[in-house]
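heads up, no residue letters with this:
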């Protein structure tokens with residue numbers, strides 16, 4: 001649980017910073033990683049998937065422009081890589097991280113810090129959920145003080161987007177809550 005709490009706190013804030021300061025080369029690296037990740041899922045190459053997932057999150061930390069984030073992430077690389085391998089054991093949910101990464105990259109590309117923070121938090125919560133770590137109740141407490149919108153709070157920047165998937169989850173305050181994924185309106 002501690003690894004996911006760490007990732008939840010640091011990666012969402014790194015995504016926020018990345019959205020503010022991303023440069024075209026860094027965005028290109030994120031997009032290439034996303035394409036490679038998508039290909040590895042299509043091929044069901046679990047080793048490549050875990051490595052590319054780790055690299056994606058490390059890239060976001062680097063794109064934040066804060067060496068402390070990248071160095072801290074790098075110092076725990078073996079533990080963090082393992083936390084990204086575990087969710088891949090749920091074979092019927094392999095495509096979920098691809099969609100989650102797409103949402104993060106799109107928010108960063110739009111230079112939308114609230115959206116990037118939100119989508120990274122959703123991604124970490126869902127990754128924890130895929131391995132049975134009940135992070136959502138603890139995470140709600142963090143939302144109150146962190147400045148990032150929490151699950152169930154749609155950032156203002158999401159007005160131009162369509163909710164494409166709703167998932168009912170158990171364990172929220174009222175017993176159920178809807179999780180929304182977004183795609184840009186065309």
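Noted; the coordinates are in hand. Quantities reported herein were computed from a predicted structural model and do not represent experimental measurements. Numbering: from 1, shown residues only.

now the helices for this structure?
Ranges of helices in the chain, per DSSP state H, are 2-21, 24-42, 46-63, 67-75, 77-85, 96-109, 113-130, 136-146.

So which elements touch the first one?
The criterion is 3 or more CB pairs under 8 Å, 6 or more residues apart in numbering; DSSP states H and E, and the helices and strands that helix 2-21 contacts are helix 46-63, helix 67-75, helix 77-85, helix 96-109, helix 113-130, helix 136-146. Every C-beta, even on glycine, is put in place using the N, C-alpha and C of the backbone.

As TSV, those with mean neighbour count and distance to residue 16 would be great.
TSV is the format used below for the helices and strands packed on helix 2-21 (neighbours: other CB atoms under 10 Å; distance: least, CB to CB, whole Å):
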stretch	mean neighbour count	distance to residue 16
helix 46-63	21	10
helix 67-75	14	11
helix 77-85	16	19
helix 96-109	21	9
helix 113-130	25	4
helix 136-146	14	10
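
out of the ones you listed, nearest to residue 20?
Taking CB to CB, helix 113-130 is the member of those nearest to residue 20, at 5.4 Å.

relative orientation of the closest one and helix 96-109 in degrees?
Interaxial angle of helix 113-130 relative to helix 96-109 (axes from the mean of the first three to the mean of the last three CA atoms, to 10 degrees): 170 degrees.

report the angle between the axes of helix 113-130 and helix 2-21?
Interaxial angle of helix 113-130 relative to helix 2-21 (the same axes, to 10 degrees): 160 degrees.

CSV for the helices and strands packed on helix 2-21, including distance to residue 4?
Putting those into CSV (distance: least, CB to CB, whole Å) gives the following:
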stretch, distance to residue 4
helix 46-63, 12
helix 67-75, 14
helix 77-85, 7
helix 96-109, 14
helix 113-130, 4
helix 136-146, 9
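
re the thing from before, export the helices of the chain as CSV, with columns for mean pLDDT.
Output for the helices of the chain, formatted as CSV (pLDDT from 0 to 100):
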stretch, mean pLDDT
helix 2-21, 92
helix 24-42, 97
helix 46-63, 92
helix 67-75, 82
helix 77-85, 65
helix 96-109, 96
helix 113-130, 92
helix 136-146, 48
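
if I look at residue 19, how far off is residue 105?
Distance, residue 19 to residue 105, by CB to CB, to the nearest Å: 10 Å.

same thing with residue 17?
Distance of residue 17 to residue 105, given as CB to CB: 15 Å.

Check residue 22 too.
Residue 22 is 10 Å from residue 105, where distance means CB to CB.

What of residue 117?
Residue 117 sits 14 Å away from residue 105, going by CB to CB.

before we move on, the earlier item: among the helices and strands packed on helix 2-21, which is nearest residue 38?
Across the helices and strands packed on helix 2-21, residue 38 has its closest neighbour in helix 96-109 (5.3 Å, CB to CB).

Now do the closest one: which elements does it pack against?
Secondary-structure packing of helix 96-109 (3+ CB pairs under 8 Å, 6+ apart): helix 2-21, helix 24-42, helix 46-63, helix 113-130, strand 176-184.
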